[in-house]
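S.K.: I'd like to go over a predicted model; first the sequence, then the structure.
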Amino acid sequence: MCRIEWDYSNIKAKVSRDYRGSLWCTLLTVRDEFILTMVSGNPEEDETSLVQTALRLLSVSDMQLANREAV
């Protein structure tokens, strides 16, 4: 089994709650290029859990974009 370790230091997470109570997480590169937006369907979910889930959804190309943008 191959283990891959990711470096998330080049990714910013912005978390907000809309008027209906839904929690939103937007992932951006350090230069504010959009990567991913995730909306939680669980009103009980906390910010940390949502960010961790969003980071787990990133693809290899998303990580490459973030690393290119940081340079």
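M.R.: Structure received. Numbers count the residues shown, from 1 in each chain.
S.K.: I figured Lys14 hits Leu23, correct?
M.R.: No: counting by C-beta atoms under 8 Å, Leu23 is not a contact partner of Lys14; they are 11.5 Å apart. For glycine as for every other residue, the C-beta is placed from the backbone atoms N, C-alpha and C.
S.K.: name the helices or strands packed onto the helix or strand bottoming out on mean pLDDT in the chain?
M.R.: The helix or strand of the chain with the poorest confidence is helix 60-70; it has a mean of 83 (mean pLDDT, DSSP states H and E). Counting contacts by 3 or more C-beta pairs under 8 Å, 6 or more residues apart in numbering; DSSP states H and E, helix 60-70 packs against strand 23-29, strand 34-39.
S.K.: Give me the contact list for it.
M.R.: The contact list for helix 60-70 (C-beta atoms under 8 Å, 6 or more residues apart in numbering) reads 6-7, 9-11, 27, 29-31, 33, 35-36.
S.K.: do stretch 25-36 as well
M.R.: Stretch 25-36 is touched from outside by 10-15, 37-40, 47, 50-51, 53-55, 57-58, 62, 65-66, 69-70, with contacts defined as C-beta under 8 Å, 6+ apart.
S.K.: Now, of those residues, which are buried?
M.R.: 10-11, 13, 15, 38, 40, 50-51, 54-55, 58, 62, 65-66, 69 (16 or more other C-beta atoms under 10 Å).
S.K.: Can you list the low-confidence ranges for the chain?
M.R.: Low-confidence segments of the chain, defined by pLDDT under 70: 1-4, 69-71.
S.K.: change it to 80
M.R.: 1-6, 69-71 (pLDDT under 80).
S.K.: Which pair of the contacts of helix 60-70 spans the longest distance?
M.R.: Spatially, the most separated pair among the contacts of helix 60-70 is Trp6 and Arg31, at 18.6 Å (C-beta to C-beta).
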